[in-house]
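**Student:** Below is the sequence, then the predicted model.
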Amino acid sequence: METVRFDELELNPQILRGIKDMGFEEASPIQAQAIPVVLRGRDIIGQAQTGSGKTAAFGIPVLEKVDPDNKKTQVIILSPTRELAIQVADEIRKLSKYMHGIKILPVYGGQEISKQIRSLKGGAQVIIGTPGRVMDHLRRKTIRCDFVNTIVLDEADEMLNMGFREDIETILEYIPEERQTVLFSATMPKAIMDITKKYQKDAVTIKVVKKELTVPSIDQYYYDVKRKDKVDVLTRLLDYYDPKLSIVFCNTKRMVDELASELQGRGYFAEGLHGDMKQSQRDRVMNSFRNGKTEILIATDVAARGIDVDDVEAVFNFDIPQDDEYYVHRIGRTGRAGRTGRAFTFVKGKEVYKLKDIQRYCKTKILAQPIPTSEDVAQIKAEKIMDKVSQIIEEEDLTAMINMIDEQVNESDYTSMDIAAAFLKMALGETESESESSDNYDFGNTGAEDGMVRLFINIGKKQKVKPGDILGAIAGESGMPGKLVGAIDMYDKYTFVEVPSEYGREVLNAMKNVKIKGKSISIEPANGK
Ligand code: AMP
């Protein structure tokens, strides 16, 4: 796989800084091919799916062209949906973080037009909009095209499917002829080809060529997980399958760093590996992984290239890979040298479509799997402990231990079964407390009266909150009768409130995402007085 670093693309240093902040390690295949061509001013037809990095593939070169001193609209990007328009605007904003004087504005149906008109009056060089709304603004002359030099049709096939063909054609007629027309589409039906013929000049077609590949026989599963739950699901799977060595793939260096410290914090032997690390650091991490001291390696695609460790039992795609070929490379890190391997991929929402592409490309099945419950984890741990116990009974001399247990049974009211069960509980201890910790809080000493717990809320008199507001929120959200709420101590910026211990957990859970006087709050058990 050919690799291209962003600093090889002769980009404006401010954009390079933005890219660096986003944690991208190298250009994705569509970026590597499209950016130089768009920079040269050519029209392009890019065939790329969501998840391939196509937004930056057009976003980066488009930003290169924008003149920050001219406040007039210079680029119009058409998106099929309001969600995509917002997403694209966010991505381009991040890319342009260090550029001065650039305004990026999404406009879409459903948002008050008068508000948009006000924002447009302030001048936005890059407008990202749904076709209907952009048309509306063009008609009202609230968007003017005199200085527009680039138009991007993002997800053109989707826009046609949604019936925007006429709008798109009208918009294209508005824009000066000596423009650059960039089109991205996942598929290339005839209707798209017609548009490209009619409205593009000598367009270069760019698609990522895919080689036929065979994927080794690895069990492949996927889980539909929300972003915020990914770490919990990962640790659940690590506990359940207990792989000796595993590699977790992330798409960005920043995610690698974040996940490494998160897993270390939870007591896993995990280390990150990415291109920003010094060679000596990388060698240290790789040695530690090879000799099993590090059990979980968290890596970007680039960093993991060439990893030649044979007994990797599991690969996790914490982020879905940006390219089908990456998927094959990633999962090929396991199941080596005739060993068995498992690959787990986390997807959220629409990413499931990307997974379908991967399956088609790899001609393999990736099966949906339920996430193991904490009881499943405890069960499998117990089975492992029992296997180990049988082995010890078979192979070791236990006379001294049997005597001690005998003594204990004679001196107390316990049976040997009770004692064995208690030992098993001790051995399982970690799993049990872990499963509880997800929804149980350790109140410890919160400095409350007997039978009560004292909770800390990060809102107080300064926010014009009154004790009644706190009482009302707690009673309203948790369903606990208001009269059970104990002392409420208000300070300028925070408040302590006491509730009966048995309601403590319920109140904390119920108040997690609550707003008081329009402000999001955080609530936690107070520290002892
Ligand atoms: P897109 O295909 O534009 O929807 O991008 C999918 C995701 O990949 C977005 O979250 C981007 O921020 C991210 N992304 C884009 N380019 C890269 C890159 N070169 N390396 C890592 N992540 C990227």
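**Tutor:** Looks like it arrived, so ask away. In this text, all values refer to a predicted model and were calculated from it rather than measured experimentally.

**Student:** Contact partners for the residue of the stretch 201-350 of the chain found nearest the ligand?
**Tutor:** For the stretch 201-350 of the chain, the residue closest to the ligand is residue 251, as judged by CB to the nearest ligand atom, at 4.3 Å. Heads up, the C-betas are built off the backbone N, CA and C, glycines and all. Counting by CB atoms under 8 Å, 6 or more residues apart in numbering, residue 251 touches 300-301, 319, 321-322.

**Student:** count of neighbours near the residue nearest to residue 53 when sequence neighbours are not counted?
**Tutor:** Leaving aside its sequence neighbours, residue 53 sits nearest to residue 28 (CB to CB, 6 or more residues apart in numbering; 3.5 Å). Other residues within reach of residue 28, judged by other CB atoms under 10 Å, total 25.

**Student:** swap in residue 487?
**Tutor:** 12.

**Student:** Quickly list what the residue lying closest to it once chain neighbours are set aside is bridged to.
**Tutor:** Nearest non-adjacent residue to residue 487, counting by CB to CB, 6+ apart: residue 498, 5.0 Å away. Beta-bridge partners for residue 498, by DSSP bridges, are residue 454.

**Student:** Around residue 498, how many other residues sit close by?
**Tutor:** Neighbours of residue 498 under the rule other CB under 10 Å: 22.

**Student:** Ok, the one 4 residues further on next?
**Tutor:** Using other CB under 10 Å, residue 502 is surrounded by 12 other residues.

**Student:** Repeat that for the one 5 residues further on.
**Tutor:** One way to gauge burial is a neighbour count; for residue 507, by other CB under 10 Å, it gives 23.

**Student:** Next one: it from the ligand, what distance?
**Tutor:** Separation of residue 507 from the ligand (CB to the nearest ligand atom, to the nearest Å) stands at 37 Å.

**Student:** Then residue 475?
**Tutor:** From residue 475 to the ligand the distance is 41 Å (CB to the nearest ligand atom).

**Student:** where does residue 118 fall, phi/psi-wise?
**Tutor:** phi -60, psi -50 (degrees, to the nearest 10).

**Student:** How about residue 148, nearest residue that isn't a chain neighbour?
**Tutor:** Nearest to residue 148 is residue 175, by CB to CB, 6+ apart, at 5.1 Å.

**Student:** Which ones, among the contacts of residue 251, also lie beside the ligand?
**Tutor:** Among these, the ones lying near the ligand by CB under 6 Å from any ligand atom are residue 322.

**Student:** For residue 207, what are phi and psi?
**Tutor:** Per degrees, to the nearest 10, the backbone of residue 207 is at phi -140, psi 160.

**Student:** Could I get the pLDDT score of the residue in the chain sticking out farthest from the centre?
**Tutor:** The C-alpha centroid of the chain is most remote from residue 410, which lies 57.3 Å away (CA atoms, centre = their mean). Here, the pLDDT recorded for residue 410 equals 90.

**Student:** Identify the residues contacting residue 136.
**Tutor:** Counting by CB under 8 Å, 6+ apart, residue 136 makes contact with residue 113.

**Student:** Start the count at 499 instead of 1 going forward.
**Tutor:** All right, first residue 499 from here; so that's residue 634.

**Student:** and the gap between it and residue 665?
**Tutor:** Separation of residue 634 from residue 665 (CB to CB, to the nearest Å): 9 Å.

**Student:** One more: residue 885?
**Tutor:** Taking CB to CB, one finds residue 885 at 66 Å from residue 665.

**Student:** So for these two, which sits in the more crowded spot?
**Tutor:** Between residue 885 and residue 665, residue 665 has the larger neighbour count (other CB under 10 Å), namely 20 against 10.

**Student:** so residue 595 touches residue 515, yeah?
**Tutor:** Yes. The pair residue 595 and residue 515 qualifies as a contact (CB atoms under 8 Å) at a distance of 7.5 Å.

**Student:** interface residues of the stretch 749-898 of the chain facing the ligand?
**Tutor:** Counting by CB under 6 Å from any ligand atom, the stretch 749-898 of the chain sits next to the ligand at 749-750, 820.

**Student:** at 5 Å instead, please
**Tutor:** residue 749 (CB under 5 Å from any ligand atom).

**Student:** Tell me where the stretch 749-898 of the chain is predicted with low confidence.
**Tutor:** Filtered on pLDDT under 70, the stretch 749-898 of the chain yields the residue ranges 804, 834-837.
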